[in-house]
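**Student:** Let's see this in three dimensions:
(one chain, ligands or ions: 1)
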Amino acid sequence: MPASTMDKDWLCFHPDPSKPRFTPPPGAVDAHCHVFGPAAVFPYAPERKYTPCDASQDQLFALRDLLGFERNVIVQATCHGSDNRALLDAIAHSNGRARGVASVAPDVSEADLRRLHEAGIRGVRFNFLRRLADFTPREVLMNIAERIAPLGWHVVVYFEAQDLPELWDFFTRLPTTVVVDHMGRPDVTQPINGPQFEHFVRLMREHPNVWSKVSCPERMSVSGPPAYDDVVPFAQRLVETFPDRVLWGTDWPHPNLRTHMPDDGTLVDMIPRIARTAQLQQQLLVDNPMRLYWA
Ligand SMILES: O=C(O)/C=C(\CC(=O)C(=O)O)C(=O)O
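**Tutor:** Predicted structure coming up:
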C-alpha cells in the first residue's frame, strides 16, 4: 500500500458545496482552513496520525470564491508535521490573499523563522489532542513561543475543554497573543453557563491576549446538521462578549470527521446566527483577522 493511501474510513470534503445565502462583508477572511498535499508533491509526514484525502490549494481557493470570501488563513495540520511546504506553496500562489500558521521543530533556526515570516507565516500552532500529536514538553513549547514573540507572531492552541484545567498555567504564561481553536472544544450538551464553558470564558475575560475561533460546529454538535443549533449559543456568547477577539473559519477540508461531512455553504449561513449585527460580522470576518494577520 503506498504511504499516501488515505485512511479507509476517511470522509472527503463536500464535493459540491452550496452557494451561501449570507453574503460576507467585503474583505472577509476564512481564518481556519488547511491544505493537504497533494501527497505526490508534498508528502505527508511519517509521524502523522492520519492520512487524509488530498485537498489542494486550487480547491481551497475555488471554495473561497464560491463562499464569497477574499482571504484565507491556512493552518498547518498535523498530517504534514513540521514540514510546511504545502502551506507555503499555497500562500505563494494566493496573490497575497493567504497567510499561514506553521508548525515548527524545536530546533528551528532564526533564519528559518525569518524566512517563514517573509513567506507569510504569522503564528505557530501547538496541538494538545493526543489523537493528533505526540506529547511535547511544555518548556520546549514555551521556548518556541519566546522565540517567535519578537516577530509579532501568535500561538494557536488546539485542545479539548476537559484539558483546560491542566493547560491553564501554560496558556496564561505564553508571551504572545494566544488563539484558541474551535472555542476550546466545549461539550455542548453541558449548559452554556455551566462550569466547563464558564472556565473558558474566564480564560478570555482574565487574559486579554486570548482570542477564540468560533469555528467547527460540525465537530461539536450533537443536534447535528444542517442547523447545528446546539453550538450556536456558545459561539454567540463569545462573539458578543469578546467582539474584538474572535475569528471565524470553515475548517475545510474538515479532517477526521466521522459522522458526516458539512456543506460549507451552510456553515457560512450560520454566521448571521452567531454574529447578529453587521458590526459584529465586520469584526469577526474582517477587522479581527486583518489585525492579526495582515497588519
Ligand atoms: O482541522 C482541525 O482544526 C481539527 C482537526 C485536525 C487537526 O487539527 C490537525 O490535523 O492538525 C481534528 O480535530 O482532527
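
**Student:** quick one, what contacts residue 164?
**Tutor:** 184, 199-200, 203 (CB atoms under 8 Å, 6 or more residues apart in numbering). (Each C-beta comes from the backbone N, C-alpha and C, glycine too.)

**Student:** Just the buried residues from those residues, in ChimeraX please.
**Tutor:** Buried subset of the contacts of residue 164, written as a ChimeraX selection, criterion 16 or more other CB atoms under 10 Å:
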select :184,200,203
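
**Student:** Looking at the contacts of residue 164, which two lie furthest apart in space?
**Tutor:** The widest separation within those, taken as CB to CB, falls between 184 and 199 and amounts to 8.7 Å.

**Student:** Now do the shared contacts for those two.
**Tutor:** Each of 161, 164 lies in contact with both residue 184 and residue 199 under the rule CB under 8 Å, 6+ apart.

**Student:** Hmm, residue 24 is touching residue 271, no?
**Tutor:** Yes - at 7.2 Å, residue 24 and residue 271 qualify as touching, with contact defined as CB atoms under 8 Å.

**Student:** okay, and the common contacts of the two?
**Tutor:** Shared contacts of residue 24 and residue 271, counting by CB under 8 Å, 6+ apart, come down to 281, 285.

**Student:** Please, which helix or strand holds residue 58?
**Tutor:** helix 57-67 (DSSP states H and E).

**Student:** So for that helix, what gets flagged as buried?
**Tutor:** Buried-residue list, helix 57-67, by 16+ other CB under 10 Å: 57, 59-61, 63-64, 66-67.

**Student:** what's the answer for stretch 166-185, then?
**Tutor:** Buried residues in stretch 166-185 (16+ other CB under 10 Å): 167, 170-171, 174, 176-185.

**Student:** Closest one to residue 219 out of the residues you listed, please.
**Tutor:** Closest to residue 219, out of all of those and judged by CB to CB, is residue 182, at 6.4 Å.

**Student:** a strand runs through that closest one, doesn't it?
**Tutor:** No - counting by DSSP: H, G, I helix; E, B strand; the rest coil, residue 182 is not part of a strand but helix.

**Student:** quick one: the closest residue to it other than its chain neighbours from the ligand, how far?
**Tutor:** Excluding its sequence neighbours, the residue lying closest to residue 182 (CB to CB, 6 or more residues apart in numbering) is residue 216, at 4.0 Å. Per CB to the nearest ligand atom, to the nearest Å, residue 216 is found 7 Å from the ligand.
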